[in-house]
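>>> Model the following, please.
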Amino acid sequence: MYKLFYYPRNASWAPHMLLAEMQLDYELILVDRKTEAQKNPEYLKLNPTGRIPTLAFDNQTIYESAAICLFLCEQHPEKNLIPEIGTLARARFHQWLFYLNASLQPELMVYFYPQKHTAAASGYEDIKQAQEQRVTQMLALIDKELEDKTFLLGDKICACDFVLFMLLHWGSGLKPAPLSFPNLGRYLRAMAKRESIRSVCAVEGTNLEIYT
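Model prediction:
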């Protein structure tokens, strides 16, 4: 059985949704960020980065949300949440997983935590405004990609869609909001109806009313 060390709506959210979509056996273990439990010595033995999430199994651990998602897909190819090796679709899968993880997510983090990127409190709002513009450009790119598509890779859902849903929900308060983009809005409303996402959100206490 897998053990997912998580915190609600943290980066553990995507692998949590993926585990539910795959209908795998797993146990959730809360890592309380409010008390900085991710910095405790016991947790650091599992994940020396002191970040969430961590996936534990067979006395092994993997950390980093995208890496966990990729691992689960490769361990359970029968779940069909990653394209076959050697196909162009597989390359597209990696392209979008890496883009979401290495481009969109870091830009969002700068927006949410400007204090980590300047020593001058007077510069916080300037950073947030600049980041909002950068993220808007990225959302426009993804919105265009979703034109005439149900999911990021086409008509079939893949692990990237759960990462994208997580990041777009994080950015709900942006101006313009992801929901205001025609294709992203359609995509988000459809994703929010999936049983796996709804069940995970019920467990994590995440309200999906904005998608109704």
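>>> Please identify the helix or strand for the residue most central in space within the chain.
Centroid check for the chain by CA atoms, centre = their mean gives residue 163 as the closest residue, at 3.2 Å. Assigning secondary structure by DSSP states H and E places residue 163 in helix 159-170.
>>> How far does that helix sit from its chain's centre?
For helix 159-170, the separation from the chain centroid amounts to 4 Å (computed by CA atoms, centre = their mean, to the nearest Å).
>>> same deal with stretch 159-176?
Relative to the centre of its chain, stretch 159-176 is centred 7 Å away, using CA atoms, centre = their mean.
>>> Then stretch 126-145?
Chain-centre distance of stretch 126-145: 17 Å, with CA atoms, centre = their mean.
>>> what's the answer for stretch 87-101, then?
How far stretch 87-101 lies from its chain's middle: 14 Å, per CA atoms, centre = their mean.
>>> Identify the residues contacting that stretch?
65-66, 69-70, 82-84, 152-154, 158-160, 163-164, 167 (CB atoms under 8 Å, 6 or more residues apart in numbering). C-beta coordinates here come from the backbone N, C-alpha and C atoms, glycine included.
>>> just to revisit the earlier point, need the residues that contact the helix holding residue 163.
By CB under 8 Å, 6+ apart, helix 159-170 touches 9, 11, 13-15, 17-18, 21, 65-66, 69-70, 72-73, 81-82, 93, 96-97, 100-101, 104-105, 108, 112, 139, 142, 151-153, 178, 184, 188, 191-192, 197, 206.
>>> Can you flag the buried ones in these?
Buried by 16 or more other CB atoms under 10 Å: 11, 13-15, 17-18, 21, 65-66, 69-70, 72-73, 81-82, 93, 96-97, 100-101, 104-105, 108, 139, 142, 151-153, 178, 184, 188, 191-192, 197, out of these.
>>> pLDDT on the top helix by length along the chain, on average?
Using DSSP state H to define each element, the chain has its longest helix at helix 124-145. Helix 124-145 shows a mean pLDDT of 95 in the predicted model.
>>> Counting by contacts, list what that helix packs against.
Other helices and strands packing on helix 124-145, by 3 or more CB pairs under 8 Å, 6 or more residues apart in numbering; DSSP states H and E, are helix 105-112, helix 182-191.
>>> Apply 6 Å and report the result again.
helix 105-112 (3 or more CB pairs under 6 Å, 6 or more residues apart in numbering; DSSP states H and E).
>>> So this protein: which segments form each domain?
Using automatic domain parsing, the domains assigned to the chain come out as 2-79, 88-211.
>>> So for the longest helix of the chain, what gets flagged as buried?
127-128, 131-132, 135-136, 138-139, 142-143, 145.
>>> Can I get that helix as CSV, trimmed to CA atoms?
C-alpha atoms of helix 124-145 as CSV (Å, rounded to 0.1, in the frame of the first residue of the first chain):
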residue,chain,number,x,y,z
TYR,A,124,5.9,43.0,-2.8
GLU,A,125,3.0,44.5,-4.9
ASP,A,126,5.3,45.2,-7.8
ILE,A,127,6.4,41.6,-7.9
LYS,A,128,2.8,40.3,-7.7
GLN,A,129,1.7,42.6,-10.5
ALA,A,130,4.6,41.5,-12.7
GLN,A,131,3.9,37.8,-11.9
GLU,A,132,0.2,38.2,-12.7
GLN,A,133,1.1,39.3,-16.2
ARG,A,134,3.6,36.5,-16.7
VAL,A,135,1.1,33.9,-15.4
THR,A,136,-1.6,35.4,-17.6
GLN,A,137,0.6,34.8,-20.7
MET,A,138,1.1,31.2,-19.6
LEU,A,139,-2.6,30.7,-19.1
ALA,A,140,-3.4,32.1,-22.5
LEU,A,141,-0.9,29.6,-24.0
ILE,A,142,-2.6,26.6,-22.2
ASP,A,143,-6.1,28.0,-23.1
LYS,A,144,-5.1,27.9,-26.8
GLU,A,145,-3.8,24.4,-26.4
